[in-house]
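Colleague: for reference, the sequence and a predicted model appear below.
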Amino acid sequence: MTSIMFKGAKIISTGSAIPSTKLSNHEISEIVQTSDEWIFTRTGIKERRVLQNLDQSIIDLAVAASNKALNKISMDANEIDLIILATSSPDDLFGSASKIQSKIGATNAVAFDLTAACSGFVIALVTASQFLQTGSYRNVLIIGADVLSKWTDWSDRSTCILFGDAAGAAILQSCDVNNNSVLGFQLNTNGNYSNHLSIAYKQGSYPHPKLNLYQGSFKYIAMNGKEVYKFAVFQVPLSILNCLKSLNISVTEVDWLLLHQANERILSAIADKLSIDSSKVISNLDKYGNTSAASIPLALDEELEQSKISTNDIIVIAGFGAGLTWGTIVLRW
């Protein structure tokens, strides 16, 4: 549990981007044995967006989301000091953040990738706040973006119904401690269960008969849905309660609960355990499915676009997923 602060940090703008192609439950039912009713009753998902254009990549989504966030506050990209891209599906294994830095013209920014799957945006948000609170940087752009459609086995009914592609961005700025928005956080990892949700390495063949080395690739998404469900509904409420307790904030003071958009059943179970009314739970899962690191910033941006969040609202944000990792961050808007 960490809450040491030298300066404050606050989100000053958000943006998001989605592919134009919609993939409905009915269309998936033409690929695998399922139905719209079966998918919706078990997940809460009606459709998802997928990046179908071969000329587009995760970079395009991330750049679009970033530019929207910059344009909303008329900020020049050269004012950005740091870019953190939270993704598990970069278009380059060496990282994609530097390409985003180049394309948006943030010539003064350091840029790096952060890989933590569905917890990625929360961890990026915490990481950014540390740089701001210590005074190292003034403006940080964080992006959650994933194109898991590229790593989905479309013959696997248990996973192909879940995932979609999207990007969400937020600009954080340092501020006076009295105006600080990032109140506290808690992050956790349990690698003993990493096999429950993974895109594992696949060993290939020898590249040359004289080389005792293997060339490999990666498999598709593999998930033990029951175990991931049990993990999420047990660990996430504990994380949230511990984080709130450390800040002397009661559950009744929470205005909004923004969870990683994994599954409607998980969202409802966590809210029920916390005794948080469903009207306070932010959800757009039905339109986009599970967009991994993009799900939280995408939902946050939409909520702000609709002017639902007010000044001084307490927002509890929690991410959870592969690793297994989970984390909570509490904001005062």
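Modeller: Arrived safely.
Colleague: number of residues surrounding Ala69?
Modeller: The local packing count at Ala69 equals 26, with neighbours defined by other CB atoms under 10 Å. For glycine as for every other residue, the C-beta is placed from the backbone atoms N, C-alpha and C.
Colleague: so it sits in a helix?
Modeller: Yes - judged by DSSP: H, G, I helix; E, B strand; the rest coil, Ala69 forms part of a helix.
Colleague: wait, isn't it in contact with Leu172?
Modeller: No - assessed by CB atoms under 8 Å, Ala69 is found out of contact with Leu172, at 10.4 Å.
Colleague: common neighbours of the two, please.
Modeller: With contacts taken as CB atoms under 8 Å, 6 or more residues apart in numbering, Ala69 and Leu172 have Leu141 as neighbours in common.
Colleague: list the helices and strands the helix or strand hosting Lys226 packs on?
Modeller: Using DSSP states H and E, Lys226 sits in helix 225-246. Other helices and strands packing on helix 225-246, by 3 or more CB pairs under 8 Å, 6 or more residues apart in numbering; DSSP states H and E, are strand 182-189, helix 264-274, strand 314-321, strand 325-332.
Colleague: quick one: strands adjacent to the last one?
Modeller: In other words, strand 325-332. strand 182-189 (antiparallel), strand 314-321 (antiparallel) (DSSP bridges).
Colleague: any chance of those in TSV, with mean pLDDT too?
Modeller: Conversion of the strands paired with strand 325-332 to TSV gives the following (pLDDT from 0 to 100):
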stretch	mean pLDDT
strand 182-189	96
strand 314-321	97
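Colleague: who's sitting farthest from the centroid in this structure?
Modeller: When distances are taken from the C-alpha mean of the chain, Lys210 lies farthest, 43.6 Å away, according to CA atoms, centre = their mean.
Colleague: wait, Ala64 sits on Ser20?
Modeller: No - in this structure, Ala64 sits apart from Ser20 without contact. The criterion is CB under 8 Å, and the distance is 11.3 Å.
Colleague: so between the two, which is more surrounded?
Modeller: Per other CB under 10 Å, whichever of Ala64 and Ser20 has more neighbours is Ala64, with 20 against 10.
Colleague: in what element of secondary structure is the residue farthest from the centre of the chain found?
Modeller: In this structure, Lys210 is located outside every helix and strand according to DSSP H and E.
Colleague: tell me how this protein divides into domains.
Modeller: For the chain, the domain assignment from automatic domain parsing gives the residue ranges 8-178, 182-332.
Colleague: still on that earlier bit, for the helix holding Lys226, buried residues please.
Modeller: Neighbour-count burial for helix 225-246, counted by 16 or more other CB atoms under 10 Å, picks out 228, 231-233, 235-237, 239-241, 243-244, 246.
Colleague: what's the closest of the residues you listed to Thr152?
Modeller: The shortest approach to Thr152 among the buried residues of helix 225-246 belongs to Val228, at 15.8 Å (CB to CB).
Colleague: so that closest one touches Ser198, yeah?
Modeller: No - taking CB under 8 Å as the definition, Val228 is not a contact partner of Ser198, at 11.0 Å.
Colleague: could you look up the SS state of the residue most central in space within the chain?
Modeller: Using CA atoms, centre = their mean, the residue of the chain that lies closest to the mean C-alpha position is Ala293, 2.2 Å off. For Ala293, the reduced secondary structure class is helix; criterion used: three-state DSSP.
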